[in-house]
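*Asks:* Whatever this is, show me its structure:
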Amino acid sequence: MSRRTLIVSALGALSVLGAAAALLAAGAPARASAIGASASSSSASVGELTVSFTAATAITGFTVHIITARGTDVLDLPEADFTMTSPPGTASSTWALGQAITTSQLLLGTYSITVDATDTGGDSVTGQPAGTLDYLIQPTVTLDASTNVLSYSSPATTLSGAVTGLLPDGSTRPITGQQVLVTNPQGQSLQTQTDASGDFTTSASFAGTFTASVSGSTLASDSSAPVTVTAATTPTALTASVSTARTSYGQQVTVSGQLSYQPGTTLQGLAGMPVVVVAPGDPQLSVPVTGPDGSFTARFAATQPGPVLVYFNNAQHQESGSIPYLAPAEAATDTITVDRQTSLTQFVASVSTSRMVSVHGCVGIAHLPPSVGGGVAGAVTIQYAASKAGPWRRLGTISHLSSPASGSCGIATVEGAFRGSYAVKLARAYYRASFAPKAGANLLRSVSAPALAWKYLTKITSLKVSARRVANGSKVTVSGQLLQHTKRWIPYDRRVVQIVYRKPRAKNAYWIVRVTTNSAGKFTATFRDTFSATWSAFYPGNATHYDCSSTRIKVTAS
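*Replies:* Predicted structure coming up:
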């Protein structure tokens, strides 16, 4: 049996204590202890304890303390209980406990060990960490399999074994009522329990390399030697075909085929086995069972293009992935094409005062039930024109279609919502959305009804300042005229215009005063100028008019 060194030396732990002492001494260098200690015990007899010291001079006395995880000192072993096994008077010495620790002295469990020690040079340590003591029953676990090869005729094996324990006093006995975990590297596990004789048994219907293991608060961990169970895999084969390769949405399509296996030299039908049929368009999945000749049939409503996939004994499909002694098989039919229409609904276009047009709406796939997911594959192009009849010009494309709130689009049951904003090209324009499906999506193009959005244009002309250079704090007058374009440019009266300044190298502009235009659309504002800036006028627009800004005039204040 190998010996387990519990702690090589306490000098490493003392480096931490030394750092704390250094802080308490306000920077005084800490002196590392000249005495180090480590303890070890034999797994063949966990009560036997050996303590080794490293010191500058010979050890003159010591006491070993056994301490619980809660910090309670439950057993003290003085130097008198030990016998020196190294030459007397040496600085580095080893001491063996005269009589092994018994369960009457110490309960089974895991403990830490500390040592108090002195040497002839006057060095001493108190509570020196010296390792841990695993005062536990040492188990031995065995494992065997009733058969090491699973087959079509022998689908399961019985895994059995026994758990015995070596006690601290050197005696052995069966470990009863012990939980045993049987695992393999694939993460599969089986749990069982030992009986009154320490024996256990369980069964496995899957192949793998199995190991039985035990552990506990009074029991050390141990595992059996691995036992390998293999599977004699029998080849299988699948065929599959569909009744039509092209259909319209919602029409019934039949898929049929045959499952065969090869127990000898020829293939033959495999009866009574489930196969998984996955039709395009989740969740169109069915699990027919093969007939006497291995044949199967399934029907589904065509909702998505693509091949029909058929699986047998595939690990990804729980319905047929539990027969480890038969090889998996799969087949795919020819691709089914499903033609579907799309529609654009709830298209809205509105213009802002800052000459931006915002659009939003929905793209839907007609006649598709809500249970079918996947969204709409394609992009929406926003177009504009001066009249409903066109010609239509591209404004921008929206490639990402988000999922709208349930029922928010109204007509189509599978929908993609779109939203975007673009700079206005015409003050008054019609807008529409044009959907183009992604290549291979088997969707048709669609166009929304046109939506009219517009505002009147505005402009500020004749901007003037009373002076280009003024004394700091002097008054400055800014004037100009606001016009609107209906059928022609005319004054825009009783509108609030902001007088705006931007200081040199500033990123933002700010208004300093607001003024209302008169019946001729003209405005005048006078204020004190305390800084140099570029001055302009700004009309923010309203529900029927776009905003506008004047030219900028630089005024220097000195």
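*Asks:* Quick check: neighbours of the helix or strand containing T247 in the sheet, parallel or antiparallel?
*Replies:* Secondary structure from DSSP states H and E places T247 in strand 246-248. The pairing partners recorded for strand 246-248 under DSSP bridges are strand 337-339 (parallel).
*Asks:* What is the following helix or strand past the strand it pairs with packed up against?
*Replies:* Per DSSP H and E, strand 337-339 leads on to strand 342-351 as the next helix or strand towards the C-terminus. Packed against strand 342-351 by the contact rule (3 or more C-beta pairs under 8 Å, 6 or more residues apart in numbering; DSSP states H and E) you find strand 356-365, strand 428-437, strand 446-447, strand 451-454. Using the backbone N, CA and C atoms, a C-beta is placed for each residue, glycine as well.
*Asks:* For strand 342-351, what does the pLDDT average out to?
*Replies:* For strand 342-351, mean pLDDT is 92.
*Asks:* who touches it?
*Replies:* With contacts defined as C-beta atoms under 8 Å, 6 or more residues apart in numbering, strand 342-351 is touched by 357-366, 376, 378, 380, 409-412, 424, 431-435, 437, 443-449, 451-455, 546.
*Asks:* just to revisit the earlier point, right, and the helices and strands packed on strand 342-351 - which one's nearest S466?
*Replies:* Closest of the helices and strands packed on strand 342-351 to S466 is strand 356-365, at 35.2 Å (criterion: C-beta to C-beta).
*Asks:* who does that closest one pair up with?
*Replies:* strand 342-351 (antiparallel), strand 414-423 (antiparallel).
*Asks:* The first one: which residues count as buried?
*Replies:* Under the neighbour-count criterion of 16 or more other C-beta atoms under 10 Å, strand 342-351 has 342-347, 349, 351 buried.
*Asks:* hang on, the earlier thing: not counting its own residues, what contacts the next helix-or-strand element following the strand holding T247?
*Replies:* Note on strand 246-248: by DSSP H and E, the next helix or strand toward the C-terminus is strand 252-261. Around strand 252-261, the neighbours that count as contacts under C-beta under 8 Å, 6+ apart are 234-244, 247, 267-270, 273, 275, 277, 279, 290, 293-302, 308, 310, 312, 326, 329, 331, 333, 336.
*Asks:* The residues you listed, buried ones only, as a ChimeraX selection?
*Replies:* Remark: buried members of the contacts of strand 252-261, expressed as a ChimeraX selection using 16+ other C-beta under 10 Å:
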select :234,236,237,238,239,240,242,247,270,273,275,277,279,290,294,295,296,298,300,301,302,308,310,312,326,329,331,333,336
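*Asks:* Out of the buried residues of strand 342-351, the closest to Q193 would be?
*Replies:* Nearest member of the buried residues of strand 342-351 to Q193, counting by C-beta to C-beta, is T342, at 62.4 Å.
*Asks:* ok, what's across the strand from the closest one?
*Replies:* I365.
*Asks:* Distance check, it against L401.
*Replies:* Distance, T342 to L401, by C-beta to C-beta, to the nearest Å: 11 Å.
*Asks:* do the same with G36
*Replies:* Distance of G36 to L401, computed by C-beta to C-beta: 71 Å.
*Asks:* What of S38?
*Replies:* As defined by C-beta to C-beta, S38 lies at a distance of 69 Å from L401.
*Asks:* quick one: which of the two has more around it?
*Replies:* S38 (23 against 20; other C-beta atoms under 10 Å).
*Asks:* With only the CA atoms kept, save the helix or strand harbouring that one in CSV.
*Replies:* Per DSSP H and E, S38 falls inside strand 36-42. Extracted in CSV, the C-alpha atoms of strand 36-42 (Å, rounded to 0.1, in the frame of the first residue of the first chain):
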residue,chain,number,x,y,z
GLY,A,36,8.9,22.7,9.7
ALA,A,37,6.6,19.7,10.2
SER,A,38,4.7,17.2,8.0
ALA,A,39,2.5,14.2,8.9
SER,A,40,1.5,11.1,7.0
SER,A,41,-0.4,7.9,7.5
SER,A,42,-0.6,4.6,5.7
